[in-house]
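Chemist: Fold the stuff below for me.
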Amino acid sequence: MPILTQSVSVSEDWQIDESDTKPPSLAVQLRKSAYVFPWFRFVYAKGDDSLIEIAFASHRVTVRGHGLAALLAAASALRVIRIVQPMENEYKFNVRGPGAQPYTGPGIASITVEAADE
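Modeler: Numbering: from 1, shown residues only. Presented below is the predicted three-dimensional model:
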């Protein structure tokens, strides 16, 4: 597993590994559940600045938000360690972290995880 201290946070809502080794999996943290997808099951990533889709052999992860181009590029390179769905008020009021600090960077509004079509 990569050392998280060597990772860089492009957004408060996702974490990218910039070490020499690629992370073995992507953790997707929703408000009430979490998923871990191994990168060796990755199929494709597509999208734009406001919507991206990350497909694995068994599931499809859809991320909506703003400023997502950096997340798309990192997912395409298999460099994302985790993505986190912020609490509803965090996204609505543009705050993140302890003490609800103002946040103006790229962000995730919602994440859905669905089983891939058979």
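
Chemist: Quick check: closest non-adjacent residue to the most centrally placed residue in the chain.
Modeler: Centroid-nearest residue in the chain: Ile83, 2.7 Å away (criterion: Cα atoms, centre = their mean). Leaving aside its sequence neighbours, Ile83 sits nearest to Trp14 (Cβ to Cβ, 6 or more residues apart in numbering; 4.5 Å). All C-beta spots, glycine's among them, are computed from the backbone N, C-alpha and C.

Chemist: What of Ala57?
Modeler: Spatial nearest neighbour of Ala57, chain neighbours left out: Arg41 (4.4 Å); criterion: Cβ to Cβ, 6+ apart.

Chemist: Quick check: that neighbour vs Ala116, distance?
Modeler: According to Cβ to Cβ, to the nearest Å, Arg41 stands 10 Å off from Ala116.

Chemist: quick one: common contacting residues for the two?
Modeler: Common neighbours of Arg41 and Ala116, using Cβ atoms under 8 Å, 6 or more residues apart in numbering, are Phe56, Ala57, Ser58.

Chemist: Thanks a lot, catch you later.
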